[in-house]
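Colleague: quick one, fold the following:
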Amino acid sequence: MTKIAILMQSARRLVRHVCEHRPRPVDLLVVLGLALVAAPAPAAAGTLDEVNDRGYLRCGVIASGIGLSEIDDMGVWQGFFPDFCRYLAAAVLGDGDAIEFVEVNYVNRFDALNDGAFDILMANTTWTASRDADYDLAFTHPLFYDGQGLLAHSSVGATSLDDLAGRSGVTVCVSEGTTTIGNLREVNATYDLMLDIIAFQSIESVYTSFYTHQCDMMTQDRVALVSQLLNRASNPQDYVLFTDVISKEPLGPVVRQDDQEWFDAVQWAMFSSMIAEEHGVTRDGVGEVTAPQSPELRRLLGIDPGMGAIIGLPETWARDAVSQVGNYAEIYERTLGAGSTLGLERGLNALWTDGGLLYAPPLR
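Modeller: Numbers count the residues shown, from 1 in each chain. Below is the predicted model:
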């Protein structure tokens, strides 16, 4: 029991005692004094206030590879998740460059977030029940829907897990501290496979070991496998991406659990990128949208004021973010889609109106 709880308990007992007996003035003074001592201290400033006071956003990122999150030759973070860091900075501060990137890895990312090393983790991090409940974390709406896959050397002579049934001695490299290794173990047991699992403390060790053929296969989110294949393989034809998708991997921003105001600001900033795409508002065209008919679009762009204040953001939050970084489609296309080296189709990451899973609640 905490000190505050103990003091509160003592105060309640004394109140009951005083109420059961005729109180004297001194008794009441003691009760009031204990109540004041036991009262919780004023809440500390939330993350949103801290970001505004600091003047820049601290965004935790992981070097996941081409398209997702990587440092370019100029030392600048590029990719899908860094761009959403910039989008959030623009929404909160009006400046997509007001940002400090903090690199973490798959092992220390949650501890670093809870220790206050940064304001938000923006990486290919899977939302699961145990992480949500046990780690004091809060996951916003996913930004990317993926599934865990397996990449093998062509010499393995397999294109699916069915081809490995009854075979022994096939090694799979995987990273500790991830949902990935748990999913692999479950598949191994459920389908009576005999895969030899080799675990590493860092994802970099997984990639290095696989591409130097110290293991036959590796497993990771499918988008990460494609990214690393393009990034590291001298001849991509020497590898096979299995047809199996062995898990659901909703990936997106993570914040600390104890800050509802910051969670709401992040959540609706991310939603605004999808709402902008729904209404066809683009980076180059947002400045020309001055008198739209749609009430939702008027609220999104701050033409009808009030929504920004409700969320805790400036009235121009979405306009600033879209004008500086682009809507969801623009971010996706230049980092992962047709305008990138990965060339991934939208698939599940299309808007709900196009058969995908991206669905923003009404902005009203």
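Colleague: give the buried residues for stretch 329-343.
Modeller: 329-337, 340, 342 (16 or more other C-beta atoms under 10 Å). C-beta: built from backbone N, CA, C; applies to glycine.
Colleague: quick check: mean pLDDT of that stretch?
Modeller: On average, the pLDDT along stretch 329-343 is 96.
Colleague: find the helix or strand that Tyr87 is a member of.
Modeller: helix 80-93 (DSSP states H and E).
Colleague: right, and the helix or strand after that helix?
Modeller: Next along the chain after helix 80-93, taking DSSP H and E as the criterion, comes strand 99-103.
Colleague: that next one: how far from the chain's middle?
Modeller: 14 Å (C-alpha atoms, centre = their mean, to the nearest Å).
Colleague: ok, stretch 185-205 next?
Modeller: 24 Å.
Colleague: can you check stretch 227-239 too?
Modeller: 26 Å.
Colleague: residues of it that come out buried?
Modeller: Residues of stretch 227-239 classed as buried: 227-231, 239 (neighbour count, 16+ other C-beta under 10 Å).
Colleague: now do stretch 119-139
Modeller: Buried residues in stretch 119-139 (16+ other C-beta under 10 Å): 119-128, 131, 135, 137-139.
Colleague: for the stretch 1-150 of the chain, what spans make up the helices?
Modeller: 3-20, 25-38, 47-54, 80-93, 109-114, 129-134 (DSSP state H, counting those that start in this stretch).
Colleague: by contact count, what packs against the fifth one?
Modeller: Read that as helix 109-114. strand 57-61, strand 120-121, strand 137-139, strand 254-256 (3 or more C-beta pairs under 8 Å, 6 or more residues apart in numbering; DSSP states H and E).
Colleague: before we move on, what about the last one?
Modeller: For helix 129-134, the helices and strands in contact under the criterion 3+ C-beta pairs under 8 Å, 6+ apart are strand 137-139.
Colleague: what pairs with the strand it packs on, and is each one parallel or antiparallel?
Modeller: strand 254-256 (antiparallel) (DSSP bridges).
Colleague: hmm, back to that, so which of the buried residues of stretch 329-343 comes closest to Tyr191?
Modeller: Leu342 (29.4 Å; C-beta to C-beta).
Colleague: roughly how far does that closest one sit from Leu68?
Modeller: Using C-beta to C-beta, to the nearest Å, one obtains 9 Å as the distance from Leu342 to Leu68.
Colleague: same check, this time on Arg58
Modeller: Arg58 is 20 Å from Leu68, by C-beta to C-beta.
Colleague: show residues contacting stretch 102-115.
Modeller: Residues from elsewhere that reach stretch 102-115 (C-beta atoms under 8 Å, 6 or more residues apart in numbering): 58-63, 117-118, 120-121, 123, 125, 131, 135-137, 175-178, 201-203, 254-256.
Colleague: list the buried residues in it.
Modeller: By neighbour count on 16+ other C-beta under 10 Å, the buried set for stretch 102-115 is 102, 104-107, 109-110, 112-113.
Colleague: end to end, how far does that stretch reach?
Modeller: Its start and end residues considered, stretch 102-115 measures 13 Å (C-alpha to C-alpha, to the nearest Å).
Colleague: so for it, mean pLDDT?
Modeller: 94.
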